[in-house]
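> pasting the sequence and the predicted model now:
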There are 2 protein chains.
Amino acid sequence: MNFSKCWLDYQPIKNVEKAFSTLSVSCSGTVVESAVQEYCLAMKAMTGSEPEVVRTESEEGVSLYLDSSLSGKDGYELRKKEKGYTVTGQSESGVLYGVFELLRLIRTEKLADLPLTGAPEMPLRIMNHWDNMDGSIERGYSGNSFFYKDYEIFYNERTEQYARMMASIGINAIVINNVNVHEKETYLITDTYLQRVKKYSDLFCRYGIRLYTSVNFAAPMELADFDNCDPLNPQVADWWKEAAKHIYECIPEFGGFLVKADSEGRPGPFTYDRTHADGANMLARAVAPYGGIVIWRCFVYNCGQDWRDTKTDRARAAYDNFIDLDGCFDDNVILQIKNGPMDFQVREPVSPLFGGLKKTNMILEVQIAQEYTGQQIDLCYLLPMWREILDFDTYAEGEGSTVLKIVKGELYGQNLCGMAAVINTGDDYNWTGNDLAAANTYGYGRLAMNPSQSPESIAREWTALTLGARVEEPVTDMLMKSWSTYEKYTSPLGIGWMVTPHYHYGPDVDGYEYDRWGTYHRADRNGLGVDRTPAGTGYTSQYNEPWPGIYADREKCPEELLLFFHYVRYDEKLKSGKTLIQHIYDTHFEGVEEVEAMIEAWRGLAPKLSADVYERVMERMERQLANAIEWRDRINTYFYRKSGAADEKGRKIYE
Amino acid sequence: MNFSKCWLDYQPIKNVEKAFSTLSVSCSGTVVESAVQEYCLAMKAMTGSEPEVVRTESEEGVSLYLDSSLSGKDGYELRKKEKGYTVTGQSESGVLYGVFELLRLIRTEKLADLPLTGAPEMPLRIMNHWDNMDGSIERGYSGNSFFYKDYEIFYNERTEQYARMMASIGINAIVINNVNVHEKETYLITDTYLQRVKKYSDLFCRYGIRLYTSVNFAAPMELADFDNCDPLNPQVADWWKEAAKHIYECIPEFGGFLVKADSEGRPGPFTYDRTHADGANMLARAVAPYGGIVIWRCFVYNCGQDWRDTKTDRARAAYDNFIDLDGCFDDNVILQIKNGPMDFQVREPVSPLFGGLKKTNMILEVQIAQEYTGQQIDLCYLLPMWREILDFDTYAEGEGSTVLKIVKGELYGQNLCGMAAVINTGDDYNWTGNDLAAANTYGYGRLAMNPSQSPESIAREWTALTLGARVEEPVTDMLMKSWSTYEKYTSPLGIGWMVTPHYHYGPDVDGYEYDRWGTYHRADRNGLGVDRTPAGTGYTSQYNEPWPGIYADREKCPEELLLFFHYVRYDEKLKSGKTLIQHIYDTHFEGVEEVEAMIEAWRGLAPKLSADVYERVMERMERQLANAIEWRDRINTYFYRKSGAADEKGRKIYE
């Protein structure tokens, strides 16, 4: 097997302290043993010699303790002592997280930061795999699945490293299969696959991670002979209870189910005139006796919209479908809400559901896989976007009711909340297609653990761990600029889409304009944008005050979202004093220039990088440049043809 | 096997003459035996009793003669005699064609037309199958192949009926595999498949038809260990000679090769800096000793064009690639030229190559398969289009140098010429997806046999034979209007394309606009169309006088091709006095209305049609109406958004 070690690539360190050579372990358990193993493995690689592990307290060396009275679930405390260091965990996972933290400090030469305490701020830090059992990955841009091939489940060195990587960034829940559950995957929760799934669960448990599966709501029809899967049909509920019982007999640590129902052709309770609460609660009652949970996705919208219909607004769908169900869900149900009302575009407002639901467990769903943000060809570091989302003030309970407070459980005192992310890994050598895309994988976990750490600081950390301190500054700079650059050369001012249908890479301005997906830009010869004010679709009214007044007001609306909320004429002035059309031209020329500058910068780093990393990333950057040029030219030509407005700076716009 | 008999569905007739009950056969041969068999089969079905076949001359009944002095290769003569009828063929095929003609006259009650002579006017009347050996059909809209499945070759009742159907319409050459020759199909000319191919050839020969295969120009590399397929490499030429020798040893009647080279990714002589003549002649010399021919397609263009490039013009490609090779091809090479310079659009000018080449054998290629003309969902009777193409005056040798004269061999005294058509059949019960699409299959053969027969008369004939005389009038009316209707609701005034990429069904105005296929409409806020005059791409200069002056002149240019040749402003007046934009709106509303009227008309025919035919066609028509509405609305909205021009009649145009 040939795959990189990513941020767990422990290189020799300069400052080898004597203390590192002894590990005294005063606690026990399978997760603690993983911490021990990780420490030893890292030290061997960094210092050249295996540390001595002693099972008693010791004044010298690094000592591991478990102290459940420590504040913060799964928290940890790192201290310097006279002849070494202590790592105290509030739980076994706390010990493991503490060890990873200590290793990070050693590698980045920051032991001076001690003492230091930490605890995961979000209760659930979930990875969603969109892996299919045939080996493909829906919206995967890094090769095929390393979980499955031809309906077999792997278990190998790679899956082991994968579990270590996830633990090292604080992930504590993994959903192992695509939310679109196809025929064979429906059998994952049956004896056909359960023993293999258990092997994964056992592996994950050693790293403090619970395994979940996506389930097919119609499983009783596909696996048994039911002619319906009505959630209020007692036989259906019984079937699920039996299924859950069997799963938990086999895998007591099983986390629960993730469900995409009534969405994009998936079956669900709507078929039987039942609500999502009926559906979710029925499943939740099946797993409740075992402490299981049900995560129910809110990505429900009409994907058979008529483009002629300007009243229906896909952006409204999640809120409209779920707001009236607030308070109707069982305690072990969580709603998983995409960050924006559309679908992981480069720029969207925050979903109004976060500000709407008050008596419902909520998870924020983001997408590490760069479906619409460059597909791991183009560089797009997403942490700044996620940071903005977490910082968004919903005003649900007055000022300061940020999304972060909601998903931390702080605002409503909930325990079942946090973040879920569609992961961007595959069986490519470097795991993520573009080596630099791993900064998003790493960063997601780190952000969910500790959202007060800035995106820039996480970028620095990842870069130093993965590519070395010598390039920390310039690579962090590239990462930090990349989202803005990508946004500049793609669809402007929050309007989104304009991508090649189905593939979602590369420009096609009208690609979805006359289609059934509810994703329109409404460009005509005078302007573009969607009126989502009360005079239009009324979407702005789904927010708490003061947002409706801000978004609906052409002057107050945040400009980066202007076209999401308003139809704007090409000749209207923006805050910069530029017309809209000139803004479109300028940003698209700038976007390409920024990619060129990035490539120059990368070229300058060649001497400081290993040749293979340098070449792999350069190959991606060259493709990114071609993509950026294509976006620039198509967008500019498209809007030039529509507007007839010449570029003020006289640059080349093709006719 | 379950399949319809199409136009060979011999129903009982009213006027049974005593003469029909005897067939006297004064000639012999395998093709004559097919004629005898066909007569008997038809008579049994039409009269209820098997005719008596006598092998001597007889005063009574129907008599078959062979008289090689009869004028016209494969011609025939039908006469009434005192107590019966005579069918005299110039050849065995002539006898067969004569019998089919007699049966047609009996079925359509036109025996009074006798005496009657006929002879195929075009030497080659070819069907091109785009069937792949996996069972798929490229651009097939009638199910899968009835020749192949999973790389096996069928031989069954259906293939036998197929051969009979082809003979009944005068086809004398069939290419049994797709011009895009994939891996397995490359082996068709080897022992892997040759014995099965021979079975087909034997079947076809019984009906006067020669079998051809499409070949892979790179076959020496794929089948042997050649590192090149350079046509001037003597070893390559020798390999083909050996291959041909082996084919002809096995199948002495083998027709020859069809070749798509240097086109859309297919290999060809360009790779080695050789000309198409080098490539074609090399193959031609391999088959020449056995009387074989090589048909070389002229569909060669740059399919990696940059949309920004307004100088390169795909329409120029065939002429530019082949005109300088005139006179360079061996006698047994034929160039197969698509009817228009683009690719089977609903409206194109005639390819200028027909007027350019003078010392080269030419075949006119048309497409019965409705790739761009409704995919056998929408009704589009293509005979009127083909008629216009044949009637086009190239002025190659002064006035009257029609395409028809060229492909008949009349203008240059050639024998290797005629028509080829991409067939529209598949393994659907009705063979052609839409029952009515068989009118094109039938009509193609009939037109190639006798181009002076009008499209309307062919429509009547097909309708009467297939659906019965009771609906001849109204169905003929539908067929005759259908091309115009389809053109009205799709892309306007010769501009073409505007279809969903790859699938080629349904509207997507910008679908190909920023792509690499050389197919652009160049619409902006002021107008649309491609300037192909000398001020533009210069394509008009590829024609003989007076066409360049006509096409390049905005006022003289035939209006149905206006946007093919000119960029025209939306507010410019057409001959009708309407502006261009109003013309676009009007035709698109009319197109939908005409489909609605057609459906009404079809509904009225229900009592006169068998229920299964009625239902199958109605299902297609309903889909056609949905398609027409989608075209109307997308085209109208697209151009409304670009032009800002309101519909003068105030009809609904979505914004």
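On my side now, so go ahead.

> residues near residue A:99, how many?
27 (other CB atoms under 10 Å in any protein chain shown). Placement of C-beta: from N, CA and C, glycine included.

> now do residue A:225
Counted by other CB under 10 Å, the residues lying close to residue A:225 total 7.

> is it true that it lies in a helix?
No. Counting by DSSP: H, G, I helix; E, B strand; the rest coil, residue A:225 is located in no helix; its state is coil.

> and it, how far from chain B?
With distances taken as CB to the nearest CB, to the nearest Å, residue A:225 is found 32 Å from chain B.

> pull up the gap between that residue and residue A:190, please.
Separation of residue A:225 from residue A:190 (CB to CB, to the nearest Å): 14 Å.

> what's the answer for residue A:138, then?
From residue A:138 across to residue A:190, the span is 22 Å (CB to CB).

> residue A:423 now?
Residue A:423 is 25 Å from residue A:190, by CB to CB.

> out of those two, which sits in the busier spot?
For residue A:423 and residue A:190, the more surrounded residue by other CB under 10 Å is residue A:423, and the numbers stand at 28 against 14.

> chain neighbours aside, what residue packs nearest to that one?
Nearest residue to residue A:423, sequence neighbours excluded (CB to CB, 6 or more residues apart in numbering or on different chains): residue A:127, at 4.7 Å.

> ok, whichever residue of the stretch 551-655 of chain A sits closest to chain B - contacts?
Relative to chain B, the nearest point of the stretch 551-655 of chain A is residue A:641 (3.7 Å; CB to the nearest CB). Listed by CB atoms under 8 Å, 6 or more residues apart in numbering or on different chains, the contact partners of residue A:641 are A:655, B:523, B:524, B:525, B:642.

> surely it is within a strand?
No. Per three-state DSSP, residue A:641 lies outside any strand segment and is helix.

> ok so, going back, so the residue nearest to residue A:423 sits against residue A:171, correct?
Yes. At 5.4 Å, residue A:127 counts as touching residue A:171 under the criterion of CB atoms under 8 Å.

> let me know the secondary structure of residue A:86.
Residue A:86 ends up strand, using three-state DSSP.

> gap between it and residue A:28?
Applying CB to CB, the value for residue A:86 to residue A:28 is 17 Å.

> grab the nearest non-local neighbour of residue A:571.
Using CB to CB, 6+ apart, the closest residue to residue A:571 is residue A:579 (5.2 Å).

> look up how far residue A:184 lies from the one residue in the stretch 1-150 of chain A that gets nearest to chain B.
Residue of the stretch 1-150 of chain A nearest chain B, by CB to the nearest CB: residue A:134 (19.8 Å). Residue A:134 is 8 Å from residue A:184, where distance means CB to CB.

> which parts of stretch A:622-640 are buried?
A:623-625, A:627-640 (16 or more other CB atoms under 10 Å in any protein chain shown).

> swap in stretch A:409-420?
A:409, A:411, A:412, A:414, A:416, A:417, A:418, A:419, A:420.

> same deal with stretch A:357-368?
In stretch A:357-368, counting by 16+ other CB under 10 Å, buried: A:357, A:360, A:361, A:362, A:363, A:364, A:365, A:366, A:367, A:368.

> can you give me the end-to-end span of it?
25 Å (CA to CA, to the nearest Å).

> any idea of the mean pLDDT for that stretch?
When pLDDT is averaged over stretch A:357-368, the result is 98.

> ok, residues contacting stretch A:600-615?
The contact list for stretch A:600-615 (CB under 8 Å, 6+ apart) reads A:435, A:467, A:468, A:470, A:471, A:474, A:475, A:477, A:478, A:617, A:618, A:621.

> now the helix or strand hosting residue A:615, how far from the centre of its chain.
In this structure, residue A:615 sits in helix A:611-643 according to DSSP states H and E. Between the centre of helix A:611-643 and the centre of its chain there are 24 Å (CA atoms, centre = their mean, to the nearest Å).

> ok, so of the contacts of stretch A:600-615, who is nearest chain B?
Of all the contacts of stretch A:600-615, chain B sits closest to residue A:621, with 21.6 Å by CB to the nearest CB.

> not counting residues beside it along the chain, what's closest to the closest one?
residue A:599 is the one closest to residue A:621 (CB to CB, 6+ apart), at 5.0 Å.

> ok, that neighbour - contacts?
Residue A:599 neighbours (CB under 8 Å, 6+ apart): A:618, A:621, A:622, A:625.
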